[in-house]
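Enquirer: could you work out the structure for the sequence below:
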Amino acid sequence: MPDAYARLMLERKSNPCTPEEQAGTDASRCPKCKRMTLHQHTGECMNGCRATTKGKKNMTDRINALTIVLGEDIREDDVESLCEAIMHMRHVIHVEKNVKDIGSLVSEQRIRQELSTKLWDVLKG
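Expert: The predicted structure is shown next:
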């Protein structure tokens, strides 16, 4: 590992990173120099203009999965293009479809009944 670091330092001496590269892939735009040079973790401008973001945390939470809930049930062949589009997004390695089962149907009907009862109670006064 020390040899790899030494090679990297030697490479960077002849081919230094740009301020944008130093700031990282999740960098923000600096209000002073208007470049994407606010470091993704520290919030300091890598362009040397001494700008910082106030209250920025040193580290942000890392997300390892997203859950998408559809507003209504969609046919499998209709959702295929959506799954393909999500699969082509950066950092996505897997997309899984969940088929509606009897458990979700029962839960849905119970919630509807509960809401209906509560609404009726409110309307009755």
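
Enquirer: wait, a strand at L115?
Expert: No - secondary structure of L115, determined by DSSP: H, G, I helix; E, B strand; the rest coil: helix, with no strand assignment.

Enquirer: contacts for the lowest-mean-pLDDT helix or strand in the chain, please.
Expert: Here the helix or strand of the chain ranked lowest by mean pLDDT, DSSP states H and E is helix 2-14, holding a mean of 76. By C-beta atoms under 8 Å, 6 or more residues apart in numbering, no residue outside helix 2-14 reaches it. Any C-beta I mention is one placed from the backbone N, CA and C, and that applies to glycine too.

Enquirer: what's the following helix or strand after it?
Expert: Proceeding C-terminally, helix 2-14 gives way to helix 19-23 as the next helix or strand, assigned by DSSP states H and E.

Enquirer: for that following helix, packing partners?
Expert: With contacts taken as 3 or more C-beta pairs under 8 Å, 6 or more residues apart in numbering; DSSP states H and E, helix 19-23 sits against no other helix or strand.

Enquirer: confidence score at the residue nearest the centre of the chain?
Expert: By C-alpha atoms, centre = their mean, the chain has its centre lying nearest to I63, at 6.4 Å. At I63, the model reports a pLDDT of 81.

Enquirer: and for T53?
Expert: Residue-level confidence at T53 comes out at 65, pLDDT.

Enquirer: over to the one 3 residues further on?
Expert: Among the per-residue scores, K56 shows a pLDDT of 50.

Enquirer: ok, P19 next?
Expert: pLDDT at P19 comes out at 88.

Enquirer: and it, how many residues sit next to it?
Expert: Neighbour count of P19, defined by other C-beta atoms under 10 Å: 20.

Enquirer: from what I can see it touches E44, true?
Expert: No - here P19 does not reach E44: they are 10.7 Å apart, not a contact under C-beta atoms under 8 Å.

Enquirer: any idea how far the residue nearest to the centre of the chain is from P2?
Expert: In this structure, I63 lies at 33 Å from P2, with C-beta to C-beta, to the nearest Å as the measure.

Enquirer: same question, T37
Expert: Using C-beta to C-beta, we find T37 at a distance of 29 Å from P2.
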